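[1] From the sequence below, what's the structure:
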Amino acid sequence: MSGSEDFAARLAAQGLSASSWGNGPGDTYAAHSHGYDKVIVATSGSITFHLIDIGREVTLDAGDRLDLPAGTTHAATVGSAGVQCLEAHLPAGSLLADPRHLRAGW
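    Presented below is the predicted three-dimensional model:
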């Protein structure tokens, strides 16, 4: 099983259905928020999330996970090797009220 398949299976075991996406080196996302909770797992490369509301940055390296509650204003910058991620959406209020960064092995 590849790393991506392993992470997808781990998410599925938690009742989460994830889709995949990726971006090239240095790509950016402008500040925005969502009306749903989401779980993001980097499967390769890296991405830094700029959590505007709380003045914090979280870098996801391969295997790291970010639980991002609905309404959290965030921007992102992709690392020098690009990034591939898995992302699952949940109804707002399903996650803890604060973003949570879990290192590989979560």
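[2] Can you list the buried residues in the helix or strand harbouring residue 38?
    Taking DSSP states H and E as the criterion, residue 38 maps to strand 37-51. Across strand 37-51, burial judged by 16 or more other C-beta atoms under 10 Å covers 37-47, 49-51. C-beta: built from backbone N, CA, C; applies to glycine.
[3] What is the nearest of those residues to residue 90?
    residue 37 (4.3 Å; C-beta to C-beta).
[4] Enumerate every residue touching the closest one.
    Listed by C-beta atoms under 8 Å, 6 or more residues apart in numbering, the contact set of residue 37 reads 67-70, 89-95.
[5] Can I get the helix or strand following the strand holding residue 38 as PDB, trimmed to CA atoms?
    Going down the chain from strand 37-51, the next helix or strand is strand 56-61, by DSSP H and E. Taking Å, rounded to 0.1, in the frame of the first residue of the first chain, the C-alpha atoms of strand 56-61 are listed here in PDB:
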ATOM      1  CA  ARG A  56      -0.200  31.100  13.700                       C
ATOM      2  CA  GLU A  57       1.500  29.200  10.900                       C
ATOM      3  CA  VAL A  58       1.300  25.400  10.600                       C
ATOM      4  CA  THR A  59       3.600  23.500   8.100                       C
ATOM      5  CA  LEU A  60       2.400  20.100   7.000                       C
ATOM      6  CA  ASP A  61       5.100  17.700   5.900                       C
END
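[6] contact partners of whatever helix or strand comes next after strand 56-61?
    For strand 56-61, the following helix or strand on the C-terminal side (DSSP H and E) is strand 65-68. Residues outside strand 65-68 that contact it (C-beta under 8 Å, 6+ apart): 34, 37-42, 49, 58, 60, 74, 95-96, 99-102, 106.
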